[in-house]
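Student: when you get a sec, could you give me coordinates for this:
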Amino acid sequence: MSTNSNSISLSHASPDASAQQRVEAIFGADVFSERAMQQRLPKDVFKKLLRTIKHGEQLDADLADSVASAMKDWAIDRGATHYTHWFQPLTGLTAEKHDAFLSPDGVGGALSEFTGSALVQGEPDASSFPSGGIRATFEARGYTAWDCTSPVFIVRDGGNATLCIPTAFVSWTGEALDHKTPLLRSMEAVSNQAMRVLRLFGAGEAVTRVIATAGPEQEYFLVDAKHYAERDDLMACDRTLFGAKPPKGQQLEDHYFGSIPTRAMAFMADAERELYRLGVPLKTRHNEVAPGQFEFAPIFETANVAADHQMLTMETLKRVARRHGLACIVHEKPFAGINGSGKHLNWSLATNTGVNLLDPRDDTHINVQFLTFLCAVIRAVDIHAELLRSSVASAANDHRLGANEAPPAIMSIFLGEMLTDIVEQLESGNPRSTKKGTHLDLGARTLPMIPRHTGDRNRTSPFAFTGNKFEFRAVGSSGNIAWPATVLNTIVAESLDVIASQLEKELGKNFEPASDQDKLVKACKKVLQTIVKQHKRVLFDGDGYTTAWHEEAKKRGLPNHRESVVALEQLGTKKSIDVLKKFGVLSKVEVEARTHIHLEKYTKQVLIEAETAVSMSRTQILPAALRYQTELAEVVAATQAADVDASDAREQLEAYVELVAKLRQAIAGLEHATEHEGSDTVQHARHVRDAVRPAMSELRSICDNLETIIPRDLWPIPTYREMLSMR
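Tutor: Below is the predicted model of the structure:
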């Protein structure tokens, strides 16, 4: 089977190649992988670079020229003509500036050049990226710095191939202007504090660092590209601002895990092949709950690599969808009345030797090391619930959080039956047993006895333990996971710091892990018992959607910031600034800048939606409504001319005219709501929340009502029924 530059097939390997060879011919084919580096780099350079990547050692600047030369040759061999420093500014998207490998040689020819300095550092113009006041518009200098721990890759599009180098992005003064820099800092912070704990437990010399790992799921919608192009709201806002509920939505629950439509499967397979080439380890694909909604999920990776791969996944899904005549929508709530999309962030900690520190193992009640890390997470989520909530706050996620497909805005932890029982035992001072799983007899001899887990899953919990990791379910589908992962790493680092300090005090300077394990267990139980007593309020295994839980959470003193303006304001509090500053993740100036940027982005997104709603309603929906009003008037006139009773038709016309008048008033009301003067970012965001959004809802209600009345041949935009039916 032949392929183009945008797709691959197993036939790239020879017909008699083994299955493993065929996989290797695909997976990571466009990644400057460890194997590619080993083949092209001098042995000593390869070993030094590998130590930086694997063990977090300082990057040796002397390696840069050798690595750049090998990287350039590899990329050119694979058809690349340009390279770019690929970074993640605070726009929420990625950014890149392409430079050619070829340079004039001065005698009519050209040379291929790519120096070590070009690899390690770039200088994009930083003036037009969000800085939150850190930099003035005329102060343009910014720097990108190579993150050698994240694989370099080649992106192919339209016959072009570009070498992409993952980088951090900072201002000339050194402040972080991106998502990668604080994520890498937070990974260092949680590693340092986790190692303090592990040394008390006698970690061997091989354990040198702890790695934050992540596996972000990606939910998305697919619609026909023709329908997408006919909807100004989808084009400008990535969500529908109008749309009446179709007769068949998700009531029958028949789409979830259903047979994947042929057209969607073709798209999925193509996207998978591209992402495999880029080294993105996708594992599962399936239909999601809402019609037209689907999901991909990857295997766990180091958190910064997972964040890079997640951004690459979203870009690839959108690009590949276009080739299939589709549009991929990653907005949190593109369609009202059906489930929106999330990006569940599966998060854990592991040693560099591969030990998952959140794996409870058998006999969990005596696994004191696991219980220590578990209690660190419990304490972190309770103390820093508002910072955690702010990390997933956005105008888009406001439409989803608390709805039936997403957890509420109350940050609580689900542990499951077994761990809840052990934590309760720990509170009493001495855990003595671990509940064991059983087996389910399905009642037919041809069916196997299947293991029954010791705890159910809870889809209403924003932060759920799911076997050997935590699943942060509140993350929105369009967001960059780097920021919530940064917050998680930081607040857990703070708790591990407190726990390590308390244990070190309890154990004394002469403590020897090899000989004093009983003393360690006793000290741990004392410290962890106190943590459970102080922070158990954040534990909740019930239905997070119920009114009873909201009332109970209020009694427990748990914050419930239902909308993003208040949630984002929590980022700028002294408490949030102190914890981020203490561990070197963000300075006070950097936190304040992010608070400003997030609030400003919220305001701009809602105002773009409002202006789009005004435009669509005035230039598309109102004219269609008036045309139908004319038709109704003509019916009344014709009926009366025929000397037939037209009272019913006249009554219908009068009611309709009144509805159209309300439409005009709602358009004017929304226009008036968007007129706000003042430079205060917080006040502007609050105005948008309190005035603009309600006016948008009122306008939508009228327009959606009109959609159910106006004949289809007059309705100017594709309906939900058309867009949500995969053809």
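Student: and residue 495, how far from residue 540?
Tutor: Applying CB to CB, to the nearest Å, the value for residue 495 to residue 540 is 19 Å. Where C-beta positions appear, they are placed from N, C-alpha and C, glycine not excepted.
Student: quick one, grab the pLDDT at residue 437.
Tutor: Per-residue confidence at residue 437 stands at 66 (pLDDT).
Student: need the helices for the stretch 1-150 of the chain, in chain order.
Tutor: Taking DSSP state H, counting those that start in this stretch as the criterion, the stretch 1-150 of the chain contains helices spanning 19-26, 34-40, 43-55, 64-77, 116-120.
Student: rank these by mean pLDDT and give me the bottom one.
Tutor: The weakest mean pLDDT among the helices of the stretch 1-150 of the chain belongs to helix 19-26, with a mean of 60.
Student: top strand in the protein by residue count?
Tutor: Of all the segments assigned as strand in the chain under DSSP state E, the longest by residue count is strand 160-171.
Student: distance to residue 589 and mean neighbour count for the helices of the stretch 1-150 of the chain - can I get that in CSV?
Tutor: Formatted as CSV, those follow (distance: least, CB to CB, whole Å; neighbours: other CB atoms under 10 Å):
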stretch, distance to residue 589, mean neighbour count
helix 19-26, 45, 13
helix 34-40, 37, 15
helix 43-55, 29, 15
helix 64-77, 30, 19
helix 116-120, 25, 19
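Student: mind putting those helices in a markdown table, distance to residue 399 included?
Tutor: As requested, the helices of the stretch 1-150 of the chain are arranged in a markdown table below (distance: least, CB to CB, whole Å):
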| stretch | distance to residue 399 |
| --- | --- |
| helix 19-26 | 38 |
| helix 34-40 | 42 |
| helix 43-55 | 40 |
| helix 64-77 | 42 |
| helix 116-120 | 42 |
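Student: tell me how many other residues crowd residue 246.
Tutor: Neighbourhood size, residue 246 [other CB atoms under 10 Å]: 17.
Student: remind me which helix or strand it belongs to.
Tutor: Per DSSP states H and E: residue 246 is located in neither a helix nor a strand.
Student: isn't residue 611 up against residue 674?
Tutor: Yes. Residue 611 sits in contact with residue 674 when judged by CB atoms under 8 Å, with a separation of 6.8 Å.
Student: thinking again about what came up before, please identify the buried residues of the helix or strand just after the longest strand of the chain?
Tutor: Next helix or strand after strand 160-171 toward the C-terminus (DSSP H and E): helix 180-200. When neighbours are counted by 16 or more other CB atoms under 10 Å, the buried residues of helix 180-200 are found to be 180-195, 197-198, 200.
Student: got the angle for helix 180-200 vs strand 160-171?
Tutor: 70 degrees (axes from the mean of the first three to the mean of the last three CA atoms, to 10 degrees).
Student: packing partners of helix 180-200?
Tutor: Counting contacts by 3 or more CB pairs under 8 Å, 6 or more residues apart in numbering; DSSP states H and E, the secondary-structure elements packed against helix 180-200 are strand 160-171, strand 210-216, helix 303-323, strand 345-351, helix 368-383, helix 482-507.
Student: mind putting these into TSV with mean neighbour count?
Tutor: Compiled in TSV, those are given as follows (neighbours: other CB atoms under 10 Å):
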stretch	mean neighbour count
strand 160-171	22
strand 210-216	25
helix 303-323	22
strand 345-351	24
helix 368-383	23
helix 482-507	23
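Student: to residue 668, which of these lies closest?
Tutor: Of all the helices and strands packed on helix 180-200, helix 303-323 sits nearest to residue 668, with 35.9 Å by CB to CB.
Student: three-state assignment of the residue lying farthest from the centre of the chain?
Tutor: Ranking residues of the chain by C-alpha distance from their mean position (CA atoms, centre = their mean) puts residue 643 at the top, at 65.3 Å. Assigned state for residue 643: coil (three-state reduction, DSSP: H, G, I helix; E, B strand; the rest coil).
Student: what residues does it make contact with?
Tutor: If you count contacts by CB atoms under 8 Å, 6 or more residues apart in numbering, residue 643 has none.
Student: what about it, distance to residue 518?
Tutor: Between residue 643 and residue 518 the computed distance is 104 Å (CB to CB).
Student: again, but for residue 417
Tutor: 29 Å.
Student: list the helices and strands the longest helix along the chain packs on?
Tutor: Across the chain, the longest stretch assigned as helix under DSSP state H is helix 588-616. Helix 588-616 makes packing contacts with helix 232-237, helix 564-569, helix 574-582, helix 647-673, helix 681-687, helix 693-707 when contacts are defined by 3+ CB pairs under 8 Å, 6+ apart.
Student: which among those helices is found nearest to residue 307?
Tutor: helix 574-582 (17.5 Å).
Student: now do that closest one against helix 368-383, angle only.
Tutor: For the pair helix 574-582 and helix 368-383, the angle between their directions (the same axes, to 10 degrees) equals 140 degrees.
Student: for helix 574-582, name the packing helices and strands.
Tutor: Under the contact criterion of 3+ CB pairs under 8 Å, 6+ apart, the helices and strands touching helix 574-582 comprise helix 385-390, helix 482-507, helix 588-616.
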